[in-house]
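# The sequence and its predicted three-dimensional model are supplied below.
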Amino acid sequence: MSTGTATLPAGTGIGHVHLKVSDLERAIRFYSGVLGFEVTQRLGSSAAFLSAGGYHHHIGLNTWQSRGGPAPAPNATGLYHTAILLPDRKSLAAVLRRVLEAGIALEGAADHGVSEAIYLRDPDGNGVELYRDRPEAEWPRRPDGSLAMGTEVLDLQALLAEVEQVSLAARMFRARNNWSECLTQQTQRQNGRKHMTNLCIEKQNCPDRGLRPDTCGQC
């Protein structure tokens with residue numbers, strides 16, 4: 001471990017994440033079919049590489065040691081989540097729409113001041129954050145100029161309204177007016193962090209089985 005004062009150049013970034021998965025085809029259906037990454041290369045039936053925008057790969061998937069394996073235990077060490085940065089709010093809304101229409105449960109949604117974020121899990125139980133950054137000029141700051149990030153409720157209906165096409169996901173969220181008393185705004189605490197969610201849905205009358213009714217424990 002370095003104890004010196006050397007720092008990385010400003011252009012340094014995290015180029016890709018490589019995940020061990022149980023079922024390669026299932027993982028590809030999630031990362032490509034739902035989220036929208038393109039498959040750039042496959043290594044037979046054991047590995048695949050995916051990217052956005054023509055890059056060689058942002059995500060690697062392999063079953064070399066994990067084919068048919070279980071999801072990691074919640075109390076195990078490892079990756080907390082992979083954060084996927086979308087270029088703008090409309091792009092975030094579009095991928096949220098695809099996630100909801102695929103019946104994938106959200107674990108949370110938050111406005112952090114500097115960003116707006118959606119939280120979910122991939123088919124292998126790995127945490128995924130989908131987010132867009134606000135322009136730096138809009139980041140909340142304290143009087144001394146330091147960042148003042150927070151966690152507030154993200155209005156998913158307003159986010160979905162960014163997508164021009166009236167989708168199934170948008171209709172489902174609008175339908176909440178008929179059973180809004182069962183929707184609550186809750187804080188989920190995971191590993192010391194909190195995410196605000198408004199996805200509590202009454203079990204018997206929920207028109208959208210894609211959103212888990214047990215996420216807040218109130219129904």
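The structure has been received and is ready for your questions. Numbering: from 1, shown residues only.
# quick one, strands of this protein?
For the chain, strands defined by DSSP state E occupy the ranges 17-20, 38-43, 47-51, 59-62, 82-86, 106-111, 115-121, 127-133, 152-153, 186-190, 193-197.
# Just the pLDDT for the residue nearest the centre of the chain.
When CA atoms, centre = their mean is applied to the chain, the residue found nearest the centroid is Glu129 (2.9 Å). Model confidence at Glu129, given as pLDDT, is 98.
# just Pro140 next, same as before
97.
# thinking again about what came up before, out of the strands of the chain, flag the one nearest Gly11.
Nearest of the strands of the chain to Gly11, taken as CB to CB: strand 82-86 at 15.9 Å. Yep, even glycine has a C-beta here, placed from its N, CA and C like the rest.
# Need the pLDDT of the nearest residue to the residue nearest to the centre of the chain once chain neighbours are set aside.
Once flanking residues are discounted, Glu129 sits nearest to Ala83: 4.2 Å by CB to CB, 6 or more residues apart in numbering. As predicted, Ala83 sits at a pLDDT of 97.
# Kindly provide the distance from Ala83 to Leu147.
Distance of Ala83 to Leu147, computed by CB to CB, to the nearest Å: 17 Å.
# likewise Ala158?
24 Å.
# hey, where'd the helices end up in the chain?
24-28, 89-101, 156-160, 168-174 (DSSP state H).
# Next, format these as CSV and append mean neighbour count, mean pLDDT and distance to Ala48.
Converted to CSV, those look like this (neighbours: other CB atoms under 10 Å; pLDDT from 0 to 100; distance: least, CB to CB, whole Å):
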stretch, mean neighbour count, mean pLDDT, distance to Ala48
helix 24-28, 17, 98, 6
helix 89-101, 19, 96, 19
helix 156-160, 18, 95, 30
helix 168-174, 18, 58, 27
